[in-house]
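Asker: Below is the structure, and that's it, no one-letter string:
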């Protein structure tokens, strides 16, 4: 399960469930046991039907409206991180060499 579609795609898992929830909540809404159980059950049920390797299924659950705009505003007002891209980054030169060979 994951809440970052670009990261799921880059990781190329054998099968995955994408949930369009804010980052950090890919296992459900905090302190909402019913939502968490529903999310896990939903994810497990779609996994059974995946027959093609690398499939990512979008789950039908929805976070309340407006969270996308709030997240965008937080980025505008103070988030100094660079946008994600597909450029590999390594902590050390040794890591780069191991990954590329």
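Answerer: Cool, the structure landed. Please read all numbers here as calculations on a predicted model, not as lab measurements.
Asker: which helix in this structure runs the most residues?
Answerer: Ranked by residue count and defined by DSSP state H, the top helix of the chain is helix 33-49.
Asker: same for that one, what does it pack against?
Answerer: strand 15-18 (3 or more CB pairs under 8 Å, 6 or more residues apart in numbering; DSSP states H and E). Placement of C-beta: from N, CA and C, glycine included.
Asker: neighbouring contacts of the strand it packs on?
Answerer: Contact with strand 15-18 is made by 1-3, 5, 8, 42-43, 46-47, 50, 53-59, as judged by CB atoms under 8 Å, 6 or more residues apart in numbering.
Asker: Which parts of this protein are strands?
Answerer: 15-18, 55-58 (DSSP state E).
Asker: So which bits of the last one are buried?
Answerer: Neighbour counts using 16 or more other CB atoms under 10 Å place 56-57 of strand 55-58 among the buried residues.
Asker: Sheet partners, orientation included, of it?
Answerer: Sheet pairing of strand 55-58 (DSSP bridges) gives strand 15-18 (parallel).
Asker: any low-confidence regions in this protein?
Answerer: 66-84 (pLDDT under 70).
Asker: which residues of it fall in helices?
Answerer: Using DSSP H, helices in the chain cover 5-11, 33-49, 67-77, 93-100.
Asker: Which one, of the ones you listed, ends up nearest to residue 23?
Answerer: helix 67-77 (8.0 Å; CB to CB).
Asker: circling back to that earlier point, buried only: go through the contacts of strand 15-18 for me.
Answerer: 1-3, 8, 42-43, 46, 56-57, 59.
Asker: Throw these into JSON lines and include distance to residue 65, thanks.
Answerer: Converted to JSON lines, those look like this (distance: CB to CB, whole Å):
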{"residue": "1", "distance to residue 65": "22"}
{"residue": "2", "distance to residue 65": "21"}
{"residue": "3", "distance to residue 65": "16"}
{"residue": "8", "distance to residue 65": "23"}
{"residue": "42", "distance to residue 65": "20"}
{"residue": "43", "distance to residue 65": "22"}
{"residue": "46", "distance to residue 65": "24"}
{"residue": "56", "distance to residue 65": "24"}
{"residue": "57", "distance to residue 65": "23"}
{"residue": "59", "distance to residue 65": "17"}
